[in-house]
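> Build me a structure from this.
(one chain, ligands or ions: 1)
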Amino acid sequence: MDLSVRIGKGVLKNPVGVASGTFGYGQEFAQVMDLDKLGAIYTKAISMEPRRGNPTPRIVETPSGMLNSIGLANVGVEKFVTDKIPFLAGLDTATVVNVVGTTMDDYCNVIKRLDDIDTVWGYEINLSCPNVEAGGIQFGTDAAMIEEITTRMRGVTEKPLMVKLSPNVTDIAEMARGAERGGADAVTCINTLVGMVIDTARQQTVIARKTGGLSGPAIRPIGVRMTHEVSRAISIPVVGIGGITNTDDALQYLLAGAKAVQVGTWNFVEPAASQDIAAGIADYMARHGIARIDDFAALLDRRKDG
Ligand SMILES: Cc1cc2nc3c(=O)[nH]c(=O)nc-3n(C[C@H](O)[C@H](O)[C@H](O)COP(=O)(O)O)c2cc1C
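Residues are numbered from 1 along each chain as shown. Predicted coordinates for the structure are as follows:
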C-alpha cells in the first residue's frame, strides 16, 4: 500500500496535512501529537514584513464552524527563517510555506528569500488578499490575475507550487484552470467563505472588520463539491480542505478527487485529529484493497449515481 502523493517535483509521504493558520508554526502542537506522522505542515501565512493583523474581536463561533478575520497576522519572512524554520527543519514532514502579499512582487520576494532553504519543501499561495496594484480586488477572484501571479511565481521556484483557491467566486473551476495555465503543481480547495454575524443586543457586527471567513464542518459539503468540480476541470492534483474532522470526512475528499487533504479548524477542537486521520486512511485502504491514493478518484465515477 502506497500512501505517498506526488506534487510537481516533490513527494508527500502521506496525504494528510494541517492547514495554514490553524497550526501556528508547528511547535505549538508538538506536545500533543507526533508531528512526524503528518504528510505536511502548511504554515501560517508568511509575508515580507511582519503583520499585526486585524483589530479584535476577530473570531466568533458559529453553528458547526467559526468566523475569523485574523488578517494574516504573522512574524514576517525574516523572523520565520531565524525563529521558526529551525524547529520545522528537524521534523520528518514536509514544510509547505503559505505565502501572502499585497503586490505580485511581494509574493515573489517571499519565495526568493526562502527558496535556497532545503527544508522548505514547497509553497502554498494564499490569494485571498487585496491586490493594491489592481484597486484592491482580491488576487483569487479573477482567473487572469491568478494565471499571471502563478506564472510570476513559477519563474522564481522549481519547488512544488500550490495555489489556494477562494470559494467566494461564481466559477471555481475557471480559477483552477488559471492556476494550471500559470504552471501551478496543485491547487488547494478551499479557503474560507465570507460570512457575517450580528450581535442584536449591541446592534453591531461581532467581528470588528464586519465580515470574516467561515470555516469548520459547516463548509464541508461545499468543499467536497468544489473539490469534485475542480478535480474534473484540471489535470494537476487537488488538495481538499474544508470542515474535515475525522477519517470519514477526509475520505469524502479523496473520493471526490483530491490527492491530499488538510485539517484546519478541527485542530482547535481535537489537536491530534490529523494524526488519527492519516492512520484511518491507511486502514480504509487496506480494508477496501486500494493500493494507491491515485486509485481513489476512479471509485466514485464507477457508481452511476456518484
Ligand atoms: C483562524 C484561522 C486562520 C487562518 N489563516 C489562514 C492563513 O494564514 N492562510 C491561508 O491560506 N488560510 C488560512 N485559513 C484558512 C484555512 O487554512 C482553511 O482553508 C479553512 O479554514 C477551511 O478549512 P477548515 O474548515 O478545515 O478550517 C485560516 C483559517 C482559520 C480558521
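> where does the chain come near the ligand, residue by residue?
Counting by Cβ under 6 Å from any ligand atom, the chain comes close to the ligand at 19-22, 44-45, 68, 70, 72, 98, 126, 164, 191-192, 215-216, 219, 241-244, 263-265. (Glycine included, C-beta is placed from N, CA and C.)
> Try it again at 5 Å.
Residues of the chain lying close to the ligand (Cβ under 5 Å from any ligand atom) are 19-21, 45, 68, 70, 98, 126, 164, 191-192, 215-216, 241-243, 264-265.
> List phi and psi for the closest residue to the ligand within the stretch 1-150 of the chain.
Going by Cβ to the nearest ligand atom, the ligand is nearest to residue 21 of the stretch 1-150 of the chain, at 1.9 Å. Backbone geometry at residue 21, expressed as degrees, to the nearest 10, gives phi 90, psi -10.
> For PyMOL, write a command that selects the buried ones of the residues of the chain next to the ligand.
Selection of buried members from the residues of the chain next to the ligand for PyMOL, criterion 16 or more other Cβ atoms under 10 Å:
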select buried, resi 19+20+21+45+68+70+98+126+164+191+192+215+216+241+242+243+264+265
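> Tell me how many other residues surround residue 226.
23 (other Cβ atoms under 10 Å).
> how about it, what does it touch?
Contact analysis of residue 226 by Cβ atoms under 8 Å, 6 or more residues apart in numbering lists 165, 167, 172, 189-190, 242.
> among these, which are in helices?
residue 172 (DSSP state H).
> Grab the two from the contacts of residue 226 that are most spread out in space.
Maximum pairwise distance among the contacts of residue 226 (Cβ to Cβ): 11.8 Å, between 172 and 242.
> Find residues that contact each of the two.
What both residue 172 and residue 242 touch, as defined by Cβ under 8 Å, 6+ apart, is the set 189-190, 226.
> List the residues that contact the closest residue to residue 137 other than its chain neighbours.
Using Cβ to Cβ, 6 or more residues apart in numbering and skipping residues adjacent in sequence, the residue nearest residue 137 is residue 131, 5.8 Å away. Applying Cβ under 8 Å, 6+ apart to residue 131 gives the contacts 102-104, 137-139, 145.
> Closest one to residue 157 out of these, please.
Distances from residue 157 to the contacts of residue 131, taken by Cβ to Cβ, are shortest for residue 104, at 14.1 Å.
> Count the neighbours of the closest one for me.
Residue 104 has 18 neighbours, counted by other Cβ under 10 Å.
> In contact with it, which residues are there?
Contacts of residue 104 by Cβ under 8 Å, 6+ apart are 131, 133, 148-149, 152.
> Narrow the shared contacts of residue 172 and residue 242 to those in strands?
Under the assignment DSSP state E, the shared contacts of residue 172 and residue 242 contribute residue 189 to strands.
> Mind putting the shared contacts of residue 172 and residue 242 into a markdown table with pLDDT?
Below are the shared contacts of residue 172 and residue 242 laid out as a markdown table (pLDDT from 0 to 100):
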| residue | pLDDT |
| --- | --- |
| 189 | 98 |
| 190 | 97 |
| 226 | 98 |
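> With respect to the ligand, which of the shared contacts of residue 172 and residue 242 is nearest?
residue 190 (6.4 Å).
> Distance of the closest one relative to residue 36?
From residue 190 across to residue 36, the span is 27 Å (Cβ to Cβ, to the nearest Å).
> With residue 261 instead?
Residue 261 is 18 Å from residue 36, by Cβ to Cβ.
> who's more crowded, the two?
residue 261 (30 against 11).
> which residues sit in contact with the more buried one?
15-17, 239-241, 244, 250, 253-254, 277.
> State the three-state secondary structure for it.
What DSSP: H, G, I helix; E, B strand; the rest coil gives for residue 261 is strand.
> what sits against residue 225?
Taking Cβ under 8 Å, 6+ apart, one finds residue 256 in contact with residue 225.
> pLDDT value on it, please?
You'll see residue 225 listed with a pLDDT of 98.
> and stretch 144-156, how far out from the chain's middle?
Relative to its chain's centre, stretch 144-156 lies at 18 Å (Cα atoms, centre = their mean, to the nearest Å).
> Surely residue 46 is in contact with residue 95?
No. Under the criterion of Cβ atoms under 8 Å, residue 46 makes no contact with residue 95, lying 11.0 Å away.
> neighbour count winner among these two?
residue 46 (30 against 22).
> Quick one: residues in contact with the lowest-mean-pLDDT helix or strand in the chain.
Here the helix or strand of the chain ranked lowest by mean pLDDT, DSSP states H and E is helix 296-302, holding a mean of 88. For helix 296-302, the surrounding residues in contact (Cβ under 8 Å, 6+ apart) are 228, 231, 254-257, 290, 306.
> Which two of those have the greatest separation?
228 and 290 (18.2 Å).
> Comparing those two, which residue is more hemmed in?
residue 228 (22 against 18).
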